[in-house]
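Asker: Prediction below, plus the sequence it came from.
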Amino acid sequence: MQKIVILTGAGISAESGLGTFRAEGGLWAQHKIEDVATPEGFARNPKLVVDFYNARRAQTAEADPNAGHLALAKLEAEFAGEVVLITQNVDDLHEKAGSQKVIYMHGALKGALCAACDTRWPAPMVMAPGDACPNCDRPTARPDIVWFGEMPYDMDEIFDHLAGADLFASIGTSGNVYPAAGFVAEARRCGADTVEFNLEPSLVGSQFDDIRIGPATETLPPWVDEILKS
Ligand code: OAD
C-alpha cells in the first residue's frame with residue numbers, strides 16, 4: 001500500500017469539545033444555515049455571520065487535539081508511503097496535533113478572504129463587518145469559509161489524490177454534504193479500499209468496504225498501529 005487518502009468531518013473534533021453540525025442540539029439546530037453559512041446570509045446581516053465565526057474561532061483557540069487527531073499525525077509522520085489529509089473542518093486541530101499538510105476544503109477559521117479581490121490573509125481573532133482588505137483596501141473582508149452555494153477549495157488536487165489512493169478513510173462525517181460525500185464512490189471507482197469511522201453508519205455508509213463504529217479517539221489509534229505494523 002502506497003497512498004492513503006483521509007477525509008475528516010466534525011465528528012473527529014467532537015471529543016475536543018467542538019460541537020458537530022447535525023447532532024441533536026448541534027450547530028445547525030441553533031443557527032439557520034441560510035443565515036450564517038451562505039453568501040446571501042452574509043449580504044443580509046454581516047454582523048450576525050462575522051460574530052458566529054468569531055465565536056467559533058474563540059472556541060477553537062481553547063480546544064486541544066484529541067487522540068484521533070494525534071493518531072492521524074502519527075500516521076503521516078511514520079507511514080512509509082504518502083498520507084493525504086483532507087478536512088471539511090474549519091478548526092485547526094489537525095495542525096495542532098502535528099499534521100504537516102492539511103487540505104481545508106471548506107476553508108478555515110484562521111483565514112480571512114476579500115469578497116472583492118479574493119486576497120486571503122490570516123484572520124484576527126475578532127473580525128468586524130466592513131474590515132478592510134489589506135490588498136485592495138475595500139471594506140469587503142469576510143471569514144475564509146466555503147459557504148453553501150460556493151465551490152470547495154482544491155477540488156482538482158483532491159480528485160487527483162482520490163484517483164491514486166490505495167486506501168480511502170472517512171472519519172466523523174455524516175455524508176450529507178457534497179462533493180465530500182461523493183469521495184467514497186470516486187475512490188472505489190478508482191480501485192481504493194474504503195473504510196468509515198463513525199458512531200453509526202453515515203448516509204453513504206453502505207458504500208464502504210469496512211465500517212469501524214465507535215468514538216474516533218478509540219477507533220483511530222489501533223487502526224493507525226495496524227497500518228504501521230503491516
Ligand atoms: P455533521 O455534524 O453532519 O456529522 C458529524 C458526524 O460525526 C456524524 O455522522 C456523527 O455520527 C459523527 N461523530 C460524532 N462524534 C463522533 C466521534 N466521537 N467519533 C466519530 N464520529 C463521530 O458534520 P460534517 O459531516 O463534518 O460545511 O458536516 C459536513 C459539512 O456540513 C461541514 O463541513 C459544514 C456543514 O454544514 C459548511 O459549513 C460548508
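Answerer: Looks like it came in fine.
Asker: Can you give the contact residues for the stretch of helix or strand residue 85 belongs to?
Answerer: Assigning secondary structure by DSSP states H and E places residue 85 in strand 82-87. Residues from elsewhere that reach strand 82-87, judged by CB atoms under 8 Å, 6 or more residues apart in numbering: 2-9, 72, 75-76, 94, 99, 101-106, 158, 161, 165, 180, 183. C-beta: built from backbone N, CA, C; applies to glycine.
Asker: Okay, angle between the lengthiest strand in the chain and strand 82-87 too, please.
Answerer: Using DSSP state E to define each element, the chain has its longest strand at strand 107-114. Here strand 107-114 runs at an angle of 70 degrees relative to strand 82-87 (axes from the mean of the first three to the mean of the last three CA atoms, to 10 degrees).
Asker: ok, strand 107-114 near the ligand or not?
Answerer: No - legend: contact between strand 107-114 and the ligand by CB under 6 Å from any ligand atom is lacking; minimum distance shown is 7.8 Å.
Asker: What helices and strands are in contact with the helix or strand following that strand?
Answerer: Downstream of strand 107-114, the next assigned helix or strand under DSSP H and E is strand 120-122. If you count contacts as 3 or more CB pairs under 8 Å, 6 or more residues apart in numbering; DSSP states H and E, strand 120-122 packs onto strand 107-114.
Asker: partners of the strand it packs on, with directions?
Answerer: Applying DSSP bridges, strand 107-114 is found paired with strand 120-122 (antiparallel), strand 141-145 (antiparallel).
Asker: So which residues lie in contact with the first one, not counting its own?
Answerer: In this case it means strand 120-122. By CB under 8 Å, 6+ apart, strand 120-122 touches 110, 111, 112, 113, 114, 134, 144.
Asker: Kindly report the same for the last one.
Answerer: Residues outside strand 141-145 that contact it (CB under 8 Å, 6+ apart): 37, 42, 46, 49-50, 53, 90, 106-115, 120, 123, 127, 130-133.
Asker: CA atoms of it as PDB?
Answerer: In PDB, the C-alpha atoms belonging to strand 141-145 read as follows (Å, rounded to 0.1, in the frame of the first residue of the first chain):
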ATOM      1  CA  ALA A 141     -13.200  41.200   4.400                       C
ATOM      2  CA  ARG A 142     -15.100  38.000   5.300                       C
ATOM      3  CA  PRO A 143     -14.200  34.800   7.000                       C
ATOM      4  CA  ASP A 144     -12.400  32.400   4.700                       C
ATOM      5  CA  ILE A 145     -15.100  29.800   5.000                       C
END
